[in-house]
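J.: Model the structure of this input:
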Amino acid sequence: MKQKAVFLDKDGTLIENVPYNVDPAKIVLTHRAIAALQLLHQAGYQLFIISNQSGVARGLFPESALVAVEEYLRSLLKAAHIPLAGFYYCPHHPDGVVAPYALQCGCRKPQPGLITQAAHEHEIDLSRSWFVGDILHDIEAGRLAGCRTILLDNGNETEWQLSYNRLPHHTVTNLYAAAQIITTLDRQEPAEVRPKAFVNPTPELINCCD
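T.: Residues are numbered from 1 along each chain as shown. Down below sits the predicted model:
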């Protein structure tokens, strides 16, 4: 049987947003992030980080610098007995200055490529999974992949150009509140009646005021 997962944006969702940071000393988890991930892990969700890292394409840091970032995040979570199933990032940007990375790709959010890659490699059932992020690109990527979505309305989204695929199923202010929604709904919904796709959800499945 395929597993269920929660896909997490990194900057502004799991950790405090420090633009283009690859220095582990500057990595700080967001408020109650550990408690949130413990709740999700105990509920049986595989946990993945899905992150745009255009600093590589922009020449701000080498791709190899992300190794230390992943290792540090894994160590933080391991100390709290939380396994990280995968760390996926997109180093590309069409306006980049580093030739191998200066391209339009299918893995940069809002494209769902990294989510579908992780699902394929780890046998994840996307219809039972969630994407949590702090901007609408995260929501669009999650929806296009077939996940339910939660937006953290913490001030990092500034454009608010809404379309159907950018409309979150739930909106909260922090990661712990998102984990509470996910685990509460998981307990309430028998597996056999959970929706199998959210490409065209009905209006009652969308709650933007939580």
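J.: could you pull out the strands for the protein?
T.: Counting by DSSP state E, one finds strands in the chain at the ranges 5-8, 46-52, 86-90, 130-133, 148-152, 170-172.
J.: Please identify the most buried of those strands.
T.: With neighbours taken as mean count of other CB atoms under 10 Å, the strands of the chain reach their highest mean count in strand 130-133, at a mean of 29. C-beta coordinates here come from the backbone N, C-alpha and C atoms, glycine included.
J.: Show me what that strand is packed against.
T.: For strand 130-133, the contact count by 3 or more CB pairs under 8 Å, 6 or more residues apart in numbering; DSSP states H and E identifies strand 5-8, helix 136-145, strand 148-152, helix 175-188 as packing neighbours.
J.: possible to save those as JSON lines with mean pLDDT and distance to Val98?
T.: Formatted as JSON lines, the helices and strands packed on strand 130-133 follow (pLDDT from 0 to 100; distance: least, CB to CB, whole Å):
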{"stretch": "strand 5-8", "mean pLDDT": "98", "distance to Val98": "26"}
{"stretch": "helix 136-145", "mean pLDDT": "97", "distance to Val98": "21"}
{"stretch": "strand 148-152", "mean pLDDT": "98", "distance to Val98": "30"}
{"stretch": "helix 175-188", "mean pLDDT": "95", "distance to Val98": "32"}
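J.: What count of nearby residues applies to Arg32?
T.: Arg32: 15 surrounding residues under other CB atoms under 10 Å.
J.: Thank you, goodbye.
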